[in-house]
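J.: predicted model and sequence below, questions to follow.
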Amino acid sequence: MVNERKISCLIVDDEPPALDILKKYIAAVATLELAATANNAIEALNILQTRPIDLIFLDIQMPQLLGTDLIRTLKTPPRFIFTTAHRKFALEGYELDAVDYLLKPISFERFLKAVNKVLDAAPARQAFADPPAAAPTPPTATAPPAAPRAESFIHLRADRKTIPVALDDILYVESLRDYIRVVTRHKTIVTKQSISSLEESLPRDAFIRIHRSYIVALAKVESYTAELVEIGRQQLPISRLYRLDVEKVLQRRL
């Protein structure tokens, strides 16, 4: 994303294949940024003392010092997700307030679910972002809002559940290769679906594709240039392929 504060990640694992998989997964998620890797907890400790890290993907069973012991040495540890091949550490991991506990081999879908917990956690979102702008003054309600029509929702599959999402709540949609990230006013949902297939189910008078990786809700666009649109504090790119159509539509609406 353009000008967005990304989540700085550290991978700590003594197994090269596991390191490579996590590097690949992090690279596929636009909101994540790989800051460093470490082969053991001692090396990780040195990294944490020299640069800011928002999120650690941490193996547990490593030489010299266990991942769980590393967390105990930190006075204020960053958010962390344990990655291990051993179920026996699960209880201890959660007792240390881990965001999640991923068993190897880790699938991309399971990785996204763990990352989504970080994105949806209010304290973490504040830590990763610049200071929030002043909240807008809420409009004065003169009557209760009408109940939404059935067609004002889409239904997304995530975590083995079907989740109804109000179209009016959607801010934008981001493609993550075979997955999409639907960002709403209240939460973020990651689901296995192509952005093109979702585009077909969205009303064309309310949403517009601005990039191969982004669809935005027209009503949520606060400003725009030839290169980007702004929704809240997010700036999303407009690609050359869509620029002409996007400008025509936005000029009529803004």
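T.: Received the coordinates, thanks.

J.: which residues sit against stretch 34-42?
T.: 8-14, 19, 23, 26-27, 44, 47, 51, 53, 62-67, 69-70 (Cβ atoms under 8 Å, 6 or more residues apart in numbering). (Glycine included, C-beta is placed from N, CA and C.)

J.: pull out the buried residues from that stretch.
T.: 34-41 (16 or more other Cβ atoms under 10 Å).

J.: ok, now stretch 201-210?
T.: Neighbour-count burial for stretch 201-210 [16+ other Cβ under 10 Å]: 202, 207-210.

J.: mind listing which of these are in strands?
T.: 207-210 (DSSP state E).

J.: return the member of the residues you listed nearest to Arg243.
T.: Lowest distance from Arg243 to those (Cβ to Cβ) belongs to Ile210, with 8.4 Å.

J.: Leu244 is in contact with the closest one, correct?
T.: No - taking contacts as Cβ atoms under 8 Å, Ile210 lies outside contact range of Leu244: 11.5 Å.

J.: tell me what Leu228 is bridged to.
T.: Beta-bridge partners recorded for Leu228 (DSSP bridges): Pro237.

J.: now the buried residues of stretch 201-210 in JSON lines, with pLDDT and distance to Asp168?
T.: Output for the buried residues of stretch 201-210, formatted as JSON lines (pLDDT from 0 to 100; distance: Cβ to Cβ, whole Å):
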{"residue": "Leu202", "pLDDT": "90", "distance to Asp168": "12"}
{"residue": "Phe207", "pLDDT": "93", "distance to Asp168": "11"}
{"residue": "Ile208", "pLDDT": "94", "distance to Asp168": "16"}
{"residue": "Arg209", "pLDDT": "95", "distance to Asp168": "19"}
{"residue": "Ile210", "pLDDT": "95", "distance to Asp168": "19"}
